[in-house]
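*Asks:* I need the structure of the sequence given here:
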Amino acid sequence: MTRHFGAHTELLDVGCGTGWLADHFDSYTGIELSPDAVAIARRHGRNVIAGDVAGGLPFAESSFDGAVLKDVLEHVCDPSAIVREIRRVLRPGGRVFASSPDAQRWAWNDYTHRRPFTMRAMRSLFADHGFDVEQVGYESLAHGISQIAARTGRNRRPRVFSLLVWLPFHRRNVWIVARRPVDAAVSARRA
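*Replies:* Okay, here's the model as predicted:
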């Protein structure tokens, strides 16, 4: 996620958990439903507020340069409403990274999941709500990949794990990077 944003990006992290992403950005705001996770984040000095995103985001229009929705969209009743809210709080030219379980059988083992996503569905969700889609792909959910990437000093997962995601049985998330258009006329036509 971090490679899609510069360190100086004013970042909004929706469903941020304990706000670990704050360690990578100068200007970070997280919003989280779990009071326990918010308490942990605050103990670490992270700017995380408690909130339920289902009722909208408590931020003014054009407040952020970037937004992250890591493993959020599969849990909400109305993913379209969340994407519209992200578009509202992003500045023109702002970028969003989102990920969610792929439409595989394993995704349904978590009873809090309301729906999985395919790459096509993820692309459509953002494009239909006025975003310019820059990239869509898969990320591997194999255990230990993050630790391997950290030990090798890379921001990316090792290439072999990137190739595994194309196997139909391999656990994976769909991810997207999209941008709010700068041109207001383009934005108005798409909305």
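
*Asks:* If you count neighbours, what's buried in the lengthiest strand in the chain?
*Replies:* In the chain, with assignment by DSSP state E, the single longest strand is strand 90-101. For strand 90-101, the neighbour count (16 or more other C-beta atoms under 10 Å) marks 90, 94-101 as buried. In this view, the C-beta of every residue, glycine as well, is placed from N, C-alpha and C.

*Asks:* Mind picking the two most distant members of the residues you listed?
*Replies:* The span of the buried residues of strand 90-101, defined through C-beta to C-beta, is set by 94 and 101 at 25.1 Å.

*Asks:* ok, the residue lying closest to residue 47 once chain neighbours are set aside to residue 133 distance?
*Replies:* Counting by C-beta to C-beta, 6 or more residues apart in numbering, residue 47 lies nearest to residue 29, which is 5.3 Å off, once chain neighbours are set aside. The spacing between residue 29 and residue 133, counted by C-beta to C-beta, to the nearest Å, is 24 Å.

*Asks:* ok, of the buried residues of strand 90-101, which one's closest to residue 17?
*Replies:* Nearest member of these to residue 17, counting by C-beta to C-beta, is residue 99, at 13.6 Å.

*Asks:* I am finished for the moment; much appreciated.
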